[in-house]
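>>> mind folding the following:
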Amino acid sequence: CSAPVMRRNSFFWALLFTLPPHSVARMVTVTDDKLARRNLTVLVLAQAILGNQLPMVFIMAGLAGQSLAKNICFATMPISCIVLGAMLVSDPLSNLMQKVGRKKGFFLGTFFGALGGLIAAYGLYVQSFGWFLLASLCTGVFMASQGFYRFAAIDTASESFRPKAVSYVMASGLIAAIIGPQLVKLTDTFFSVPFLMSYLVIVALNLIGSLIFFAFRNTDYLVTEQGEERPRNRLDLLKSRQIFASILCAMIAYSMMNLVMTSTPLAVIGCGFSTSDVADIVSAHVLAMFVPSFFTGHLIVRFGARRILAIGLVMLAIAGLCALEGIDLGNFFAALIMVGLGWNFSFIGATTLLSESHKPHERGRVQGMNDFFVGAGVTLASLTSGGLMNCSGNSALEGWAAVNLAMLPLLFLAALALFFLTKTANRPKDYK
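I've put the predicted structure just below:
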């Protein structure tokens, strides 16, 4: 699909080659990365262990929901509840971390991760869709706390180390990409109730992973340099072109990834393939999400966050177009791999761009607002995904086509926001 894809995405490529390579950092200048590297090690280990549960949940939740829900149109409701929970707590959790430190916020996340696993196991045992949805909301709290690992990695990082730190945290998800889906394959039929053992494994992962955070060092003292200055309100923050574009691009990139990923297990099974095929496709997808992180940060340092973000949007568009070409197993692998690559470039690019757009004492408000909007977009995408997949046609083929067609206009919107941000790149930059 390379030739037609290139023609249809000419706008994206034009945008890519007009982007400036670098932008001005907006945080406290740091010259010693010793503390940043220490905390980065903790976060990488935490991501490698705790991160296993999200690939597991995204494989299981839609399939379990399909068996528990009375109406199959609500099969993806558990995934929607996960991202809804993450959306609702992201802003208050970010503000809490600003006041009491990252460590307590991360412990809170693992507590709710374990609680969600226990409630989900109980819901499956008693065949209660309501309990299963409650469990998903609890899992959402963990998902929100995990989302701040990338921000915690740059709290004390120097300007040159910042994009690399984000990339290393994301790259550690590679272990989850390999182990998480395999844990599902090993445990899904351990008991007579499908996935019951898998959710108990999630409980164990949270209990073990939480111990790692005892080695984390809070770094909030860095904001004291400008601590007396009041942060801008949320409306004023959104008036910043860079903040607005960063949040919009992150929201659309993550939402489109979730839109496709949520429906993938249903589409694969609906097209006659097995649960084992689903696990393999999801594993390939998550590998594509995290393997590039070993070099994405270096690419951002070399070419700039805006350009890498633009490449990510192109990849997501290519993924949608390739998925529309067929429903062979190879099509699913190709589409989901491209979705993973596109998400990696666009989300890390947007995160780096956001980190350069605010003052240190505004960190909690900006990051919380960012993850709130990302969570809102992902919630809407997951809700829409189930409806598009199960209720927009008479077959899995029609539903899968509807899911992928929905990506394209929103990706164009993100590219448009990035294009207008680029037009102002050569003007004097400030925080207003």
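>>> who touches the residue lying closest to residue 387 once chain neighbours are set aside in this structure?
Spatial nearest neighbour of residue 387, excluding adjacent residues (C-beta to C-beta, 6 or more residues apart in numbering): residue 73 at 5.9 Å. Yep, even glycine has a C-beta here, placed from its N, CA and C like the rest. Residue 73 is in contact with 386, 387, 390, 391, counting by C-beta atoms under 8 Å, 6 or more residues apart in numbering.
>>> filter those down to just the ones in helices.
386, 387, 390, 391 (DSSP state H).
>>> buried subset of these, written for PyMOL?
To isolate the buried members of the ones in helices among the contacts of residue 73 in PyMOL, using 16 or more other C-beta atoms under 10 Å:
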select buried, resi 386+387+390
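>>> what are the ranges of the strands in this protein?
Per DSSP state E, the chain carries no strands over any range.
>>> for it, which residues score under the pLDDT cut-off?
1-32, 219-229, 231, 358, 360-361, 393, 425-432 (pLDDT under 70).
>>> residue nearest the centroid of it?
residue 254 (5.3 Å; C-alpha atoms, centre = their mean).
>>> ok, that residue touching residue 373?
No - taking contacts as C-beta atoms under 8 Å, residue 254 lies outside contact range of residue 373: 9.8 Å.
>>> pretty sure residue 92 contacts residue 365?
No - if you go by C-beta under 8 Å, residue 92 and residue 365 don't touch, sitting 11.3 Å apart.
>>> the two: which is more packed in?
For residue 92 versus residue 365, neighbours defined as other C-beta atoms under 10 Å are more numerous around residue 365 (19 against 12).
>>> so what's the residue nearest to the centre of the chain up against?
Counting by C-beta under 8 Å, 6+ apart, the residues that residue 254 touches are 343, 347, 374, 377, 378.
>>> distance check, it against residue 42.
24 Å (C-beta to C-beta, to the nearest Å).
>>> for the closest residue to residue 51 other than its chain neighbours, grab the count of nearby residues.
Nearest non-adjacent residue to residue 51, counting by C-beta to C-beta, 6+ apart: residue 176, 3.6 Å away. Using other C-beta under 10 Å, residue 176 has 26 neighbouring residues.
>>> thought residue 176 was touching residue 52?
Yes - judged on C-beta under 8 Å, residue 176 makes contact with residue 52 at a distance of 4.5 Å.
>>> report the buried residues of stretch 282-294.
Per 16+ other C-beta under 10 Å, stretch 282-294 contains these buried residues: 282, 283, 284, 285, 286, 287, 288, 289, 290, 291, 292, 293.
>>> now render the residues you listed as JSON lines, adding distance to residue 134.
Shown next, in JSON lines, are the buried residues of stretch 282-294 (distance: C-beta to C-beta, whole Å):
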{"residue": "282", "distance to residue 134": "24"}
{"residue": "283", "distance to residue 134": "28"}
{"residue": "284", "distance to residue 134": "32"}
{"residue": "285", "distance to residue 134": "27"}
{"residue": "286", "distance to residue 134": "26"}
{"residue": "287", "distance to residue 134": "31"}
{"residue": "288", "distance to residue 134": "32"}
{"residue": "289", "distance to residue 134": "28"}
{"residue": "290", "distance to residue 134": "30"}
{"residue": "291", "distance to residue 134": "35"}
{"residue": "292", "distance to residue 134": "35"}
{"residue": "293", "distance to residue 134": "33"}
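>>> those in helices, which ones?
Those of the buried residues of stretch 282-294 lying in helices (DSSP H): 282, 283, 284, 285, 286, 287, 288, 289, 290, 293.
>>> give me the distance between the third one and residue 333.
According to C-beta to C-beta, residue 284 stands 6 Å off from residue 333.
>>> likewise the fifth one?
When distances are taken as C-beta to C-beta, residue 286 and residue 333 turn out to be 13 Å apart.
>>> cool, and the fourth one?
Distance check for residue 285 against residue 333: by C-beta to C-beta, it reads 8 Å.
>>> equivalent analysis for the first one, please.
Note on residue 282: its distance to residue 333, by C-beta to C-beta, is 11 Å.
>>> quick one: residue 343 from residue 258, how far?
Distance from residue 343 to residue 258, by C-beta to C-beta: 9 Å.
>>> and what of residue 131?
For residue 131, the distance to residue 258 - C-beta to C-beta - is 23 Å.
>>> okay, those two: which has more neighbours?
When neighbours are counted by other C-beta under 10 Å, residue 131 and residue 258 differ, and residue 258 comes out ahead with 27 against 18.
>>> residue contacts, that one?
Counting by C-beta under 8 Å, 6+ apart, residue 258 makes contact with 79, 83, 378, 381, 382, 385.
>>> grab the nearest non-local neighbour of residue 292.
residue 344 is the one closest to residue 292 (C-beta to C-beta, 6+ apart), at 4.6 Å.
>>> tell me how many other residues surround the one you found.
Residue 344, neighbours per other C-beta under 10 Å, totals 26.
>>> quick one on the thing from earlier: from the contacts of residue 258, which single one is nearest residue 182?
residue 79 (20.5 Å; C-beta to C-beta).
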